[in-house]
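In: I'd like to go over a predicted model; first the sequence, then the structure.
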Amino acid sequence: MGKDSKAKDAGGKGKGKAKQAASGADESASKGKGKSGKAASDGLGTCTYVKARHILCEKQGKINEAYKKLQDGWLSNGDKVPPAEFAKLAAEYSECPSGKKGGDLGWFPRGKMAGPFQDVAFSTLIGATSAPFKSTHGYHIILCEGRKN
């Protein structure tokens, strides 16, 4: 099962960037962008650190419920979810200790997070929200807040 199927398995029916962000765009980012300048235009590049918030749920139904609230509030209109609103949902739904801090994971480097979580975190555009996806810890939604080298 590849990254694409993991994001879709969680039942995410997001539109546009949110769905695209979880689709494994990291594959092209990890190959480098050369002199084409594309890294600057797509916001992904080969950054070393990402700042993110997340919602973690053990059950797929619960993460889908949280994602539906994001869809109804912002994603269905093509809007970006404001970090403060994402934080409220994380506090309500997340079963991770970070939920008490609005899902804030702060800045973390490549290699710190496990497989699918890292792949999605580093391939989600700044300001975008991923579709639900599964990792060894449960089901997640990620909001990417920043990137740096």
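Out: Looks like it arrived, so ask away. Numbering: from 1, shown residues only.

In: in this protein, which strand has the most residues?
Out: Across the chain, the strand with the greatest residue count (assigned by DSSP state E) is strand 138-148.

In: List the buried residues of that strand.
Out: 138-145, 147 (16 or more other CB atoms under 10 Å). C-beta: built from backbone N, CA, C; applies to glycine.

In: now stretch 73-92
Out: For stretch 73-92, the neighbour count (16+ other CB under 10 Å) marks 74-75, 80-81, 83, 86-87, 89-90 as buried.

In: just stretch 131-139 next, same as before
Out: For stretch 131-139, a neighbour-count test (16+ other CB under 10 Å) marks 131-135, 138-139 as buried.

In: Show me which pair in these is furthest apart.
Out: The largest separation in these, counting by CB to CB, is between 131 and 138 at 15.0 Å.

In: Could I get the full set of strands for the protein?
Out: Ranges of strands in the chain, per DSSP E, are 49-57, 104-109, 133-135, 138-148.

In: And the pLDDT at the residue nearest to residue 73 when sequence neighbours are not counted?
Out: Closest residue to residue 73 apart from its sequence neighbours, by CB to CB, 6 or more residues apart in numbering: residue 85 at 6.8 Å. Residue 85 carries a pLDDT value of 94.

In: And residue 85, how close does it get to residue 140?
Out: 17 Å (CB to CB, to the nearest Å).

In: these two touch, right, residue 91 and residue 98?
Out: No. Checked against CB atoms under 8 Å, the pair residue 91 and residue 98 is beyond contact range at 9.8 Å.

In: that older thread, export the buried residues of strand 138-148 to JSON lines and tack on distance to residue 125 and pLDDT?
Out: Listed next are the buried residues of strand 138-148 as JSON lines, based on distance: CB to CB, whole Å; pLDDT from 0 to 100:
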{"residue": "138", "distance to residue 125": "24", "pLDDT": "96"}
{"residue": "139", "distance to residue 125": "21", "pLDDT": "98"}
{"residue": "140", "distance to residue 125": "17", "pLDDT": "98"}
{"residue": "141", "distance to residue 125": "14", "pLDDT": "98"}
{"residue": "142", "distance to residue 125": "11", "pLDDT": "98"}
{"residue": "143", "distance to residue 125": "11", "pLDDT": "97"}
{"residue": "144", "distance to residue 125": "6", "pLDDT": "96"}
{"residue": "145", "distance to residue 125": "11", "pLDDT": "96"}
{"residue": "147", "distance to residue 125": "9", "pLDDT": "92"}
